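*Asks:* the following block contains a protein sequence and its predicted model.
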4 protein chains.
Amino acid sequence: MPHNIAILGASGYTGAELVRIIATHPSFRIVALTGDRKAGQPMVSVFPHLRHLDLPDLVKIEQLDYSGIDLVFCALPHTTSQSVIPSIPKSVKVVDLSADFRLRDPEAYAKWYGKAHDAVDMQAEAVYGLTEFYRDDIRGSRFVAGTGCNAATGLYALLPLMQGGVIDLDDIVLDLKAATTGAGRSLKEHLLLSELYESVKGYSMGGKHRHLGEFDQELSKAAGREVRVQLTPHLLPAARGIVMSCYLKGDAEMVHKALQNAYMDEVFIEVLPFGEVPQMKDVRASNFCHIGVVGDRVSGRATVIAALDNLTKGSSGQAVQNANLMLGEEETAGLMLAPVYP
Amino acid sequence: MPHNIAILGASGYTGAELVRIIATHPSFRIVALTGDRKAGQPMVSVFPHLRHLDLPDLVKIEQLDYSGIDLVFCALPHTTSQSVIPSIPKSVKVVDLSADFRLRDPEAYAKWYGKAHDAVDMQAEAVYGLTEFYRDDIRGSRFVAGTGCNAATGLYALLPLMQGGVIDLDDIVLDLKAATTGAGRSLKEHLLLSELYESVKGYSMGGKHRHLGEFDQELSKAAGREVRVQLTPHLLPAARGIVMSCYLKGDAEMVHKALQNAYMDEVFIEVLPFGEVPQMKDVRASNFCHIGVVGDRVSGRATVIAALDNLTKGSSGQAVQNANLMLGEEETAGLMLAPVYP
Amino acid sequence: MPHNIAILGASGYTGAELVRIIATHPSFRIVALTGDRKAGQPMVSVFPHLRHLDLPDLVKIEQLDYSGIDLVFCALPHTTSQSVIPSIPKSVKVVDLSADFRLRDPEAYAKWYGKAHDAVDMQAEAVYGLTEFYRDDIRGSRFVAGTGCNAATGLYALLPLMQGGVIDLDDIVLDLKAATTGAGRSLKEHLLLSELYESVKGYSMGGKHRHLGEFDQELSKAAGREVRVQLTPHLLPAARGIVMSCYLKGDAEMVHKALQNAYMDEVFIEVLPFGEVPQMKDVRASNFCHIGVVGDRVSGRATVIAALDNLTKGSSGQAVQNANLMLGEEETAGLMLAPVYP
Amino acid sequence: MPHNIAILGASGYTGAELVRIIATHPSFRIVALTGDRKAGQPMVSVFPHLRHLDLPDLVKIEQLDYSGIDLVFCALPHTTSQSVIPSIPKSVKVVDLSADFRLRDPEAYAKWYGKAHDAVDMQAEAVYGLTEFYRDDIRGSRFVAGTGCNAATGLYALLPLMQGGVIDLDDIVLDLKAATTGAGRSLKEHLLLSELYESVKGYSMGGKHRHLGEFDQELSKAAGREVRVQLTPHLLPAARGIVMSCYLKGDAEMVHKALQNAYMDEVFIEVLPFGEVPQMKDVRASNFCHIGVVGDRVSGRATVIAALDNLTKGSSGQAVQNANLMLGEEETAGLMLAPVYP
C-alpha cells in the first residue's frame, strides 16, 4: 500500500529532487506540494522538467490538509522550518531538510545561526539524519533532521576514524569543493553563471561555515572528546556535487582499513581500492558516496577524498532513505538509480 | 523471467548509458559486456561511476558465448557494426546503436559514409528505430537500427508536419545545438574542455552532416515526395543534450496542433503549450523529448524547438525502448526515470 | 595630452570592461566613476580584478563634477540614461551604452520599450554607434548611442547585403546564441549557474527581442525599403560572446564577396575565407568581429555566421572606438588587444 | 629598436599566449614561428583567433635561421627542449617554457622525470625564472628556465615564509585547483569536456606531481634546510587559472605581514587585505598573482590562497617578463593588460 507523501517547500531544488526520486519510488505517492510564493501554480510552471508527472498543484502551507498524509518532507528555508514543523500533527512523520534541527544543543544553534531557536523541545527530539550512523534511531523515529550536505560528505570520511587512534584528532584539515546548488535557487550575485564560470571562489572561510556546528557535534560525540576541524569551502563552476579533500595525520593504509571496515556492509558508501580517489561526477544524481584514500611522500600523512551529490545523498536522497526506514520500507527503495555519467 | 542482455562496445558512452538504464530495469539482466581495447578489465576501471553494480568483466567480441543471450545491444563504432552483426546467431535479437544500418538504400549509405556497405542484406532487413513511428515493425522485428541522435530530435519535430500542407516542405531550416557526448569518447582536439569551454562552434556545415541521410530518407517517405532540409550543427559547451531549432513556413498554431495530435498518446513525447519552448536541461538523463512551437512577428512563420538527451532518448534510452517492444515487455519498462534538474 | 574620462554606472559589467580597456589605452585617463548603490566604495571592492589600478572611488552621479572631463561613458541601466544624459554639460562628449538612444523614432522606442521616451530631442540627436557604418557622423558628434550587442552582431553580417539584390530581403532568419553577460549583472533566476549550466534556453522568442527595433531601423534604412528579420535568441552556458547564425536566400559566394568588399579596409571586421566559420571564443575579450559564409546542399542558400564579444566589440570596445573618433585619436587606440584563447 | 623574437613550438597553448602578449608589446617583433607537425601552415589555421595579426608561417625548427634573432622563446614539449636548446647559437638569448631546465640537480631531474638529462651543462647554467626572486640573475642571463605554473603559484605563497620562523616548515599542506590548459593541448581522455564538465578530479596524488621537484629545490634553498610539502592537485572544469590553497601552521597575521613585506614593491604580486581571498577569475588572462591570507577558528592556523593564470603569469607572461629583463626593457613592458572579468 503506498504511503502518502507531502512536500513542503517544493519549489526549491531539494523539493524538485524529492519529486524526481519519488517519481520512480515503488511505494511513495505525492499527494500535496506547497510553495508559498508560487501557490496556485502547477509544479510544471516552476520545474518544466517534471512535465510528464501527474502532480498536485502548489498550495500554501496553511491550505494543507494533513489527514491521510503519512510523511512530510520539509524542504523549507532555514528558520521557516522551526516555525512550521511544531504545528504538524503528531501522527504525521516528518523529515526536515533544513538546517533548523541538526544541532542538539540550543547554545550551539544560537552560536552558528545567530538567533535563539524557536522550538527547543523539538530540537532535542530530532534524530540526526546521517542514516548509516543513526539507522536504529531513525527507524523508530517520528522526526528526522537531514544533515548539511557538506557535513555529510566530511562525516562519511571522518566518523570511522574517530576511535582507535587512527588519526591525530587535533590536526584535521578539510578542503571543500562544492557546486552551486548547495546554495539553493537563491538570487545571489556570486551564484550567477557570469561570475562563477571559469572560476573558483573561497567562501565562509576561517571557521565560519555553519556546517562546522554539525562537525563539532558529531565528531566530538564519536570521539568521546572535543574535536574541532579546520574547514575551507570553495565554490565550483558546476551545478551538482561535492568533493571533500581531508588532510589527516595517520597511517594511510590504516585509515583505508578503518573506512573499509566501517562501510563493508553499506549499500550506498563505496570505499575505493587504496590509492584511488573518486571524481565528483562519479556519483552525480545518485545516492552513492565514494571515498578514496591515498598516502603521501610525506610519511604519516593520509588524504581521504569523499564525493557525493549534494542534492541526492547530501539531502533529498538521504531524506528518502530515512523516510524508507521510518515507514518500514526497504532502506534502498527508489534509491538504486545509477549515477549519471557523463 | 529476466531477459539476458549483452552489450557489445560497452566501454563507450552509449554503452555506459545502457548499463545505467538497465541497472534499474525490472526484467533485463546484463550477462556480457565487450570492449576490445579494454578486454580483461572490470567495467569499474573504465567507468568508476558503475562501482555499485555487479557487472561481468569486459571481454573481446570473439570470446562472447551467445547461448542464453536474448538480446544484444551493439554500441560499436560505425563500420565495425556491419562486420560484427552478420555473425550474431539469428536466434539473438539485435539493437544496433551505430550508424551502419540506419539507411535503407545502399547508394545513400555509400554517399553519406564514403564506402560501400559490407552487409547490404541486413541493411535492407533493419527496422529504423524511431519507436513512435515504427512501433509495430519493431515489435515483430529481430533487428532494429537505432537512429542518429540529431536525426531523432529533428524527426520528432518534423515528421507530423510532412502531410496535409501544414508547412512548406521546400523551406525547412534546422539550427542544431549539440553537446559533446554526441561525438562519443573519441580523442579529438575540438572536444577538449580547453577548446570548447566558453565557446560555440559550427561543424559539418553546408549539408555535410551524415544524419542528413536519415532526414532525407524519413521525411521523404513520410511526405511521399523528396524533402531536403538545410541543417547547420553547432557544438556546445555541455556534455549531454540536443536542442533543434526548426524554422518553418506555415501557420504556427496549425503546426502546434499537428504536433499535439501526433503525440497526444505518446508517453515520452511532450508537446508544450503553444508559445512555450523547452530548454536543453529539461530532459537531461531521461527518455523524454520536449517540443515547443512559437509563432513570429513575421507572419506565416513557425519555430519548432525540440530537446532531448542524445545519450538517452537519442540512443541508449531509445534502444531500451525498442528492446522492450522486441522482448514483449512494457514499452516504458525501466525508462520512466525523471529528468535530472538542475 | 590625455583625455579625462568619467564612467557613469561603473559597477556593472560594461563599466568594468571600459576600465579594463582604458587601463592600457595610451591617452585616456579615468578621473571619475559613479555607481549609485556602491557610492563611497573603492572600485576594487566591486571588482577585485582591478586591484592593480589606481582608480577613483565610486561616487553618486550628483556628486560628479564635470569640469575638466572630456568625455563620459554612460553605462547606466536603460531608462536611467535618458534621465541623466540631458543634464550633462554640452561641453562634455557622451557615449551612451544603454538602449535609450539607439532608436531614432519616438514611436519605435515606445513600441519596443513600452513607454514614451523622456528625452525625445536627444533621441533625434544621437548618432548610432555602429562605427564602421557611421564613422563620419561619429567623428563630428558630441553624442553617440552604442548599439545593442546582438544587433551589432547581426548588422555586421547583414548590412552589406541590403543592396544589389544579393539576398532575398523578405526571408532572413537569425538564430542567436548569446552568453550571459549580455544580460548584465542582474539577479535573475535564469542567469544562475545552477540553471543554465549544461543547458541552452530560448528567450524573447517570436519577434519580441528589443534589439529587433535596431534591426528594423538600420536594415530598412540600408535597403531603402522595409526589412523585417526573424530573430530567435538562445542563452548559452558561457559568460562572454555572441554567435549569430544567419539563414539567407542568395548565392553564397556572392554573399561572401559582398562582405569581403564591404570590410576589406576594416581593421576590426575579419571576413574568413569562403567555407570557414568562426567559433565564439575566437574573438573573446577583443574588439574583433569574425564573419564566415558557407553555402548549402540546398541551392540558393547561404549561411553567414558572425561572432563577437558582447562586452567588447558589442559594447565597451565599440564605445572606446567611438570615443577615439570623437576625441580625435587613432580609431584603434587601446583596442588592438588580441583575443584571449583558450 | 624592436627586438626580433622567435617562438619554437608556437602551435601549443603557451605559444599562442606568447603571440597574444607580444601582439601589443611595444618593442618585441615576432620574426619566426616553428611547429613541427604544422610546418608549412599559416598560424591562423592553427589558431584562428590570431587572424588579425601579420605573422610568419610555421616552419620546422631545422629551417630556422637564427641570424638577426635576439631572443627565442622555447615552448616545446618536455625532453624535446633539452635536445634543441643546446644547438641554439650562443648569441641568441633563450627563455625556455618547458620543464627541462627547472631543476639544478641532475639526480633530482632523473628522479622526477624518469630519465637522465641530455644537457647537464645547460641544466647547471639555467636561471630559474621566478622573476621576483631571481630578478638580478635573470637580467644578466642568456638562458632562463620558466617555472612550472603550479610551482609558481605555490612558491609565491610560500617563499616569503621560509625564514624567520613564521610557519612550521614541516607541516605544509597544499591543495591545488588547476584548469585544463595546464595540461596543454594534448589529446587525453580526462581532458575532454564530456569527462570534466560538472566534475572535479584528483590527479598525481600522494607526492607524485613533478612540480614537487621545484618546490623541494626552491623552498629548501630559501629555508636553508630541507623542506618537503604535501601537494594534492585537482583538475577543474575551467580552461585557465590556478588556485592554490595552502594550509599552514603559524600566526595568520604574521603570515600576512611577511607576504605584504615581501611584495610591497612588486607590480604583479598583489597581497589582499587580511581576511580576503582571491577567486581564480580575478587574474584571468593577466600577469598578476593575487594572494590572500585568512586565520582560522583553530588557533595557530593560517590559510594562504594564491591565484594566477597558468598561461600568463604561470608561463608565457612570466616568460615575457623575463625576456624584458634580459633584453634591457622595462620589466612590465607589454604586461600591464588588465584581467578579463567576467
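*Replies:* Yep, that arrived.
*Asks:* per-domain residue ranges of chain A.
*Replies:* A:3-125, A:150-310 (automatic domain parsing).
*Asks:* can you give me the mean pLDDT across the shortest one?
*Replies:* Average pLDDT, domain A:3-125: 97.
*Asks:* partners of residue A:29 in the sheet?
*Replies:* Beta-bridge pairing for residue A:29 (DSSP bridges): residue A:4.
*Asks:* how about residue A:314: what's its closest non-neighbour residue?
*Replies:* Leaving out its chain neighbours, the residue that sits closest to residue A:314 by Cβ to Cβ, 6 or more residues apart in numbering or on different chains is residue A:149, at 3.0 Å. To be clear about C-beta, it is placed using only N, CA and C from the backbone, and glycine gets the same treatment.
*Asks:* where along chain A do the strands fall?
*Replies:* Per DSSP state E, chain A carries strands over the ranges A:3-8, A:28-34, A:58-59, A:71-74, A:93-96, A:127-128, A:143-145, A:173-178, A:201-202, A:230-235, A:242-249, A:269-271, A:289-294, A:301-308.
*Asks:* what packs against the fourth one?
*Replies:* Right, the one you point to is strand A:71-74. strand A:3-8, strand A:93-96, helix A:317-326 (3 or more Cβ pairs under 8 Å, 6 or more residues apart in numbering or on different chains; DSSP states H and E).
*Asks:* alpha carbons only: can I get that strand in PDB?
*Replies:* Output of strand A:71-74 as PDB, limited to C-alpha atoms (Å, rounded to 0.1, in the frame of the first residue of the first chain):
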ATOM      1  CA  LEU A  71       5.000  11.600   5.900                       C
ATOM      2  CA  VAL A  72       6.000  15.200   5.200                       C
ATOM      3  CA  PHE A  73       9.300  16.200   3.700                       C
ATOM      4  CA  CYS A  74      10.000  19.700   4.900                       C
END
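*Asks:* strands paired with it, and their directions?
*Replies:* Sheet partners by DSSP bridges: for strand A:71-74, these are strand A:3-8 (parallel), strand A:93-96 (parallel).
*Asks:* residue A:274: how many residues sit nearby?
*Replies:* Neighbour count of residue A:274, defined by other Cβ atoms under 10 Å in any protein chain shown: 16.
*Asks:* how about the contacts made by the closest residue to chain B within the stretch 51-200 of chain A?
*Replies:* Per Cβ to the nearest Cβ, the residue of the stretch 51-200 of chain A with the smallest distance to chain B is residue A:51, at 5.1 Å. Contact analysis of residue A:51 by Cβ atoms under 8 Å, 6 or more residues apart in numbering or on different chains lists A:44, B:270, B:272, B:282, B:288, B:290.
*Asks:* I'd like to know how far residue A:217 sits from residue A:226.
*Replies:* 11 Å (Cβ to Cβ, to the nearest Å).
*Asks:* rewinding a little: among the strands of chain A, which is nearest residue C:315?
*Replies:* strand A:201-202 (25.3 Å; Cβ to Cβ).
*Asks:* so that closest one, near chain C or not?
*Replies:* No - legend: contact between strand A:201-202 and chain C by Cβ under 8 Å from any Cβ of the partner chain is lacking; minimum distance shown is 10.6 Å.
*Asks:* so what does that strand touch, helix or strand wise?
*Replies:* strand A:230-235.
*Asks:* which bits of the stretch 51-200 of chain A sit near chain B?
*Replies:* Counting by Cβ under 8 Å from any Cβ, the stretch 51-200 of chain A sits next to chain B at A:51-53, A:181, A:197-198.
*Asks:* give me that answer again for 6 Å
*Replies:* Proximity of the stretch 51-200 of chain A to chain B, by Cβ under 6 Å from any Cβ of the partner chain, involves residues A:51-52, A:181.
*Asks:* who in chain A is up against chain D?
*Replies:* Going by Cβ under 6 Å from any Cβ, the residues of chain A near chain D are A:173, A:175, A:177, A:194-195, A:198-202, A:205-207, A:228, A:230, A:232, A:237-238, A:243, A:245, A:247, A:277, A:279-281, A:294-298, A:301, A:303, A:305, A:342.
*Asks:* just give me the neighbour total for residue A:211.
*Replies:* 24.
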